[in-house]
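Enquirer: For reference, the sequence and a predicted model appear below.
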Amino acid sequence: MAVVGATGRMGRLALGLIEQAEDLEVHAELDSSSSLDEMDGADVVFDVTRPGVTERVVDHAIERGIATVVGTSGWSGERIDQVRGRLADEEDAPGILFMPNFSLGSVLASRFAAIAAPYFDSIEIIEAHHAGKVDSPSGTAVRTAELIGGAHLGGRPVSAPHSDQRARGQLVAGVPVHSLRMDGVLAKQDVIMGATGETLTLTHTTQSPSSYEAGILLALRAAPDARGVQVGLETLLDLGLPTA
Ligand SMILES: NC(=O)C1=CN([C@@H]2O[C@H](COP(=O)(O)OP(=O)(O)OC[C@H]3O[C@@H](n4cnc5c(N)ncnc54)[C@H](OP(=O)(O)O)[C@@H]3O)[C@@H](O)[C@H]2O)C=CC1
Ligand SMILES: O=C(O)C1=N[C@H](C(=O)O)C[C@H](O)C1
């Protein structure tokens, strides 16, 4: 395994997991001072860098035919589709697994939101993260909004009045997303849905980075046998939920 972003919070977490696992081995540890060539020869690349870097990591991995687990945020559905299109022409394309969130609870919350979405006209997302997070909206919020927007397709669009005003958030797939970056928070997301006389709020709170551990290991172990683009931890789990 080559861990790109090895000196970061997520990179260090992944390295600890790989070192403890008998069936996994660290091939290379890359940070901002590394050449991407250092990942060559690995069976799997684990990318936890930052938007603006992750695209180059994925490009390099595809060129070298290395399966990749992408934990980095900043990937929209549109940009993932470009990778999908690129791999469509390749026979035996490596698996490129985009994982907006490695935590089971977060993945379930996003799915529950997509299931409920067609029944609500008004839907907004409020996500909060630690002050050190450089990007917004979060990758999880983008993924959740895209699932909600997709679930509304063919029906009414999500109602987002006055969305030209900055305080109304950033529209993602027609869903207003509001981002908080502050001390005292690790990661939290509320999806608030409104209909006549009622609201439904789906809240997921990350209490500890340990919530990512099982998902990271699952993705790392699945990657070598995967082919082409997969999005979301749910593609590796049998959740028994309707897909959105
Ligand atoms: N999918 C999920 O469940 C989760 C995803 N994330 C996402 O993972 C990403 C990383 O988060 P986090 O670990 O907190 O971030 P950190 O800021 O702690 O770490 C970023 C890492 O990227 C490295 N890096 C920066 N530029 C380059 C470069 N040009 N080439 C190679 N490596 C580079 C840094 O190296 P250096 O030390 O040299 O600067 C560092 O190792 C973010 O996008 C975050 O949103 C986070 C948590 C969960
Ligand atoms: O930067 C983080 O911390 C996180 N980033 C991911 C995101 O952008 O959604 C996943 C999780 O929310 C933590």
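Expert: Here it is on my side, so go on. Ligands and ions are numbered 1, 2, ... in the order given.
Enquirer: Do you know the pLDDT at the closest residue in space to Ala93 that isn't next to it in sequence?
Expert: The shortest distance from Ala93 to any non-neighbouring residue, by Cβ to Cβ, 6 or more residues apart in numbering, is to Leu87 (4.0 Å). The C-beta positions use only the backbone N, C-alpha and C, and glycine is treated the same way. With respect to pLDDT, Leu87 scores 93.
Enquirer: Begin at 755 from now on, thanks
Expert: Shifting the count to begin at 755 puts that one at Leu841.
Enquirer: Which residue is it, in this protein, that comes closest to ligand 1?
Expert: With Cβ to the nearest ligand atom, the shortest gap between the chain and ligand 1 falls at Gly762, namely 2.0 Å.
Enquirer: which ones are touching the residue positioned nearest the centre of the chain?
Expert: Nearest to the mean C-alpha position of the chain, counting by Cα atoms, centre = their mean, stands Pro854 at 0.7 Å. By Cβ atoms under 8 Å, 6 or more residues apart in numbering, the residues touching Pro854 are Ser827, Trp829, Gly893, Thr894, Val896, Arg897, Val985, Gly986.
Enquirer: element containing it?
Expert: Using DSSP states H and E, Pro854 is not contained in any helix or strand.
Enquirer: tell me, how many neighbours does the closest residue in space to Ser890 that isn't next to it in sequence end up with?
Expert: Sequence neighbours aside, Ser933 is the residue nearest to Ser890 in space, at 3.8 Å (criterion: Cβ to Cβ, 6+ apart). When counting by other Cβ atoms under 10 Å, one arrives at 17 neighbours for Ser933.
Enquirer: how distant is the helix or strand where Leu767 lies from the center of its chain?
Expert: Counting by DSSP H and E, the element that carries Leu767 is helix 763-774. Its chain's average C-alpha position is 18 Å from that of helix 763-774, according to Cα atoms, centre = their mean, to the nearest Å.
Enquirer: Tell me the first helix or strand C-terminal of that helix.
Expert: Taking DSSP H and E, what comes next after helix 763-774 is strand 782-784.
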